[in-house]
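Chemist: only geometry, no sequence info:
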């Protein structure tokens, strides 16, 4: 359809490879993350012929996708990765799935064997479109060279509009080598794809009334608030209507955590006060969040007494996991600003006092004793105190991720970058590389676990090659800590396949790659080591040996509710008997 | 007997002959891991799930036994997609068991939920999503049978967490597929096909055998050797078929195709009858199909009916187990007396040998030749993907089947180290050498921790040229030496990395050190990494440009010394 309206913008013919590069330039792409292969050599060749797009050569394609994600999450721009056919493409699948779950805009360009060879089980052929159908927002297999500019325009449009997500463009070798004139559209218009951005006025009015009538409202903020840049509007709303704010892992940074209305993160490893407050609220305003199981626990018990407002740009997310009393489809920023125009200033001294009391009664805590091993939490607290808002924080997946979300004081949007939905170990380090490129004014720090970091340690070579100022802060407990925690709590301490014996010497590893490394295990070393890490330019590993027995609390066991929350570590109790009845996940 | 889903799965895996699992635990597979621990099922904890899949792959290639890959849901499952695709392309049996979120959570975008079933359809021979604990027994049985019989391949069972703990009555069934083989009775058509082949053979003046991986899968190496020697027909092995015919035999012509020997390609071009035994006419073998074996009648023996006539039209298609077909041929075929043909081939072999120039920096081929001399072709040889892989395929002379572990169809960089680890676990009595490139090795070197943890003594020879060498070679030849993003200006110090993992590391940058370093590595009781700094400008010859017919092969033009 779009083709008909396309206009030819240039008389000359271009090769497919040139059309790809021209399309990327039109979208103002700064960086491409990738790894070459036979099918893509022609495209890569053009990167040497002076253009403004910088190609970052990664050591494994999985990391190309995660770097593009880190770049996109830190900058708000579309991240781009480029790999060859076959294993190059299949190596991207985890990254694509990760971006899909967390709504990250990506363009993933994969080379494909020549059209005539597709279906032949040719060398390095893989049906990447088939494999990624369920983990992409949209995908294209390009058949004609002349379609390239239009499809790139559409692809970028789809990736960045509505609920953002990854778009895969599979390009056969003959299409790359072919020649065609360049047709583009002045404006992208795709029939059947017109995301609603303006909230319905009647629904907005209902939200305003609900806010006015509520005694105990809470704002529950997810990644959508960050995608739509709604943090200012959110702050205004919270202040004007005096509504406490709790955020999801993906929403960290959307609301300044040091604000007195912040309740911190909610959910499985959220703060006890956030969870208790949600259990008591009479109005829950979800902004760009999707009622994930790690947030809700047992859905029927979640915010049981509350009227639910659900603001989301994706109509399919509304009512999917939890019934919404007032659904509002649209862009969070636009909708919140409409709400702010209507509502009047309000104060709720009783409710605020109640939440403040909860904060006092159930603070996040851990016990640190002199002469004992470093607690992972105190390592993060010290890091937060030392660097604060000078850092962009990425995390891997596991215990350290939860502690980072709990204890690192995030104050601005896009400061905290983590793999939420897919929970991909090995995400944080490449994502930090991408984030460092997007925000050279900040220090990118990957708060890592040793198990996660080992999955992608080879990207140290990439960080060193491009002199990327990235720091890897490993909370080393020599095990797969979160799995170990579940085995500790729910499986009578039967530790099955979680001990990572023979872990590498991280200092040696860093040095082998030409980076710097340091290993510490005493509390007194923590602060000086962090200073050393942040003042040393370039990639740096700080290996912090922490107490391996430390668990993440609070914890609402999977499938449970606030009633089942284990607030503090009191391991004398046996949890497993009490919890065996839960339909856990 | 009342058992839970995990216990039933483990019982059935054991009954089906699965002796080991490779994997990483996570939330959605934890109940299964708990039973795994309690039943003391052998398990290797890897550092990345991709490594687990490649280990099971390497294990299967050298032992013809199937191993299990176990991962959690979401990223655990998506991380094995490459490993599944790799096994699928090369017809390697494998059973993947992936945790899935609890049944009521499926479709809610739950934590670590991914549509593993959907994602893995194109890269498995068959796959299942278990919906009822009562189905586990039959599904697991079926899965092992499908993976190991006919044309082998990977299968995947997606196993929701709630079903892992659900109980049901279980009765062990008497039928078991452990070690069972697919004894396809040859059909009437196949017998007729063999008859036609025999009469064509008798008329042929220039017959040639192209033997693929099917020979190894069907354990037909003995029958092939007997047939070739009895009839005196020269034999070419595809990349995946290497080891199926003795590499030192005078009838052996090496590998065909893009980086095959000149004499193999000449023979293909000139033969009047090509007998393809368990190969699939891959594009890297045929080059441009219109120019492939122009003079020849083509007979194709394969167990997979979809392969017959798929890429090359076949004059005599024979469907069936290649070993059974060879048995019939061995009964009916005697010496063919094609002396002129054999003479011609002998001359090609002496006129156009594999060659490279010695002198200057260490030549990668030299290192491989020395590994060959040290191990006398009796070791197991694994590779990554790229130039080093082609050189290894060219210069190693295999004595035995199932001693070559290399990624053919998918061409997966990073396959080597985990595959070598899997191979060593399967055949501990064998020395296992990984010949790898620096780019490939870097992709999965994290598994050094696994080798170190379990004390798996694989010997790694990195042919380090600081480049993605095969990409560099194409850029040199076809892109006027514009080396775009194929160069690693900051390669790590692999010796120090090895040491960081507690693995013995050796650095070699002079010719004299090559042999002593190999001997040292061979003597050490544990994993060893040797980092050979080799000539970065060396190219793989011969080479048929992609898409060209094999007749357009380019030979090494330099004043190369005659070697091999």
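Modeler: On my side now, so go ahead. Everything numeric in this text was worked out from a predicted model, so none of it was measured.

Chemist: I'd guessed residue B:158 sits against residue B:121; true?
Modeler: No - look at residue B:158 against residue B:121 with C-beta atoms under 8 Å: they stay out of range, at 11.3 Å. Every residue, glycine included, has its C-beta placed from N, CA and C.

Chemist: which one of the two has more residues nearby?
Modeler: residue B:158 (25 against 17; other C-beta atoms under 10 Å in any protein chain shown).

Chemist: Where does the more buried one sit: helix, strand or coil?
Modeler: Here residue B:158 is recorded as strand under DSSP: H, G, I helix; E, B strand; the rest coil.

Chemist: again, but for residue A:49
Modeler: Here residue A:49 takes the coil state, with states given by three-state DSSP.

Chemist: confidence score at it?
Modeler: pLDDT for residue A:49: 74.

Chemist: Indicate each strand paired with the biggest strand by length in chain A and its parallel or antiparallel sense.
Modeler: Using DSSP state E, we find that the single longest strand of chain A is strand A:7-15. Strand A:7-15 has the following strand partners under DSSP bridges: strand A:179-184 (antiparallel).

Chemist: Name the residues that touch the partner strand?
Modeler: The contact list for strand A:179-184 (C-beta atoms under 8 Å, 6 or more residues apart in numbering or on different chains) reads A:3, A:6-16, A:19, A:22, A:26, A:144-146, A:148-150, A:153.

Chemist: ok, 7 Å please
Modeler: Applying C-beta atoms under 7 Å, 6 or more residues apart in numbering or on different chains, the external contacts of strand A:179-184 come out as A:6-10, A:13-15, A:19, A:22, A:145-146, A:149-150, A:153.

Chemist: host element of residue B:530?
Modeler: Under the criterion of DSSP states H and E, residue B:530 resides in strand B:528-533.

Chemist: Among the contacts of strand A:179-184, which pair sits farthest apart?
Modeler: Using C-beta to C-beta, the two most remote members of the contacts of strand A:179-184 are A:7 and A:15, lying 20.5 Å apart.

Chemist: of the two, who's got more company?
Modeler: More neighbours surround residue A:15 than the other of residue A:7 and residue A:15, with 18 against 9 (other C-beta under 10 Å).

Chemist: partners of that one in the sheet?
Modeler: Residues in beta-bridge contact with residue A:15 (DSSP bridges): residue A:179.

Chemist: how much space between residue A:466 and chain B?
Modeler: Distance, residue A:466 to chain B, using C-beta to the nearest C-beta, to the nearest Å: 9 Å.

Chemist: What is the burial count for that residue?
Modeler: Neighbour tally, residue A:466, other C-beta under 10 Å: 19.

Chemist: For residue B:130, which residues are in contact?
Modeler: Residue B:130 makes contact with B:136, B:139, B:157, B:158, B:159, B:160, B:163 under the criterion C-beta under 7 Å, 6+ apart.

Chemist: For residue A:508, list the residues it contacts.
Modeler: Contacts of residue A:508 (C-beta under 7 Å, 6+ apart): B:496, B:499, B:500.

Chemist: same thing but 6 Å
Modeler: Applying C-beta atoms under 6 Å, 6 or more residues apart in numbering or on different chains to residue A:508 gives the contacts B:496, B:500.

Chemist: which SSE is it in?
Modeler: Assessed by DSSP H and E, residue A:508 sits inside helix A:506-512.

Chemist: how far does that helix sit from the chain's center?
Modeler: Its chain's C-alpha centre and that of helix A:506-512 lie 28 Å apart, by C-alpha atoms, centre = their mean, to the nearest Å.

Chemist: Heading C-terminal from that helix, find the next helix or strand.
Modeler: By DSSP H and E, the next helix or strand past helix A:506-512 is strand A:516-520.

Chemist: what pairs with that next one, and is each one parallel or antiparallel?
Modeler: strand A:540-545 (parallel).

Chemist: got a list of contacts for the strand it pairs with?
Modeler: For strand A:540-545, the surrounding residues in contact (C-beta under 6 Å, 6+ apart) are A:379, A:471-476, A:506, A:510, A:516-521, A:529, A:533.

Chemist: Now, of the residues you listed, which are buried?
Modeler: Burial by neighbour count, 16 or more other C-beta atoms under 10 Å in any protein chain shown: within those this picks out A:379, A:471-476, A:506, A:510, A:516-520, A:529, A:533.

Chemist: nearest residue to residue B:294 other than its sequence neighbours?
Modeler: With sequence-adjacent residues excluded and distances taken as C-beta to C-beta, 6 or more residues apart in numbering or on different chains, residue B:294 is closest to residue B:269, at 7.2 Å.

Chemist: Any regions of the chain where pLDDT drops low?
Modeler: Just going to use chain A. Applying pLDDT under 70 to chain A flags residues A:1-5, A:50, A:569-585.

Chemist: The intended chain is chain B.
Modeler: For chain B, the stretches flagged by pLDDT under 70 are B:175-184, B:557-564.

Chemist: Compute the first-to-last residue distance for stretch A:38-52.
Modeler: One end of stretch A:38-52 to the other measures 24 Å (C-alpha to C-alpha, to the nearest Å).

Chemist: Ignore what I typed, I meant stretch B:264-281.
Modeler: End-to-end distance of stretch B:264-281 (C-alpha to C-alpha): 14 Å.

Chemist: who touches it?
Modeler: Contact with stretch B:264-281 is made by B:200, B:204-212, B:214-215, B:236, B:238, B:253-254, B:256, B:293, B:295-301, B:307, B:311-312, B:322, B:345, B:348, B:550-551, B:553, as judged by C-beta under 6 Å, 6+ apart.

Chemist: Then stretch B:230-240?
Modeler: B:90, B:207-213, B:228, B:244-245, B:251-253, B:255-256, B:264, B:279, B:285, B:333, B:335-336, B:345, B:393, B:408.

Chemist: Please apply the same query to stretch A:446-457.
Modeler: Stretch A:446-457 is contacted by residues A:63, A:394-398, A:400, A:404, A:425-426, A:428-430, A:432, A:472-474, A:476, A:480, A:500, A:503, B:47-48, B:446 when judged by C-beta under 6 Å, 6+ apart.
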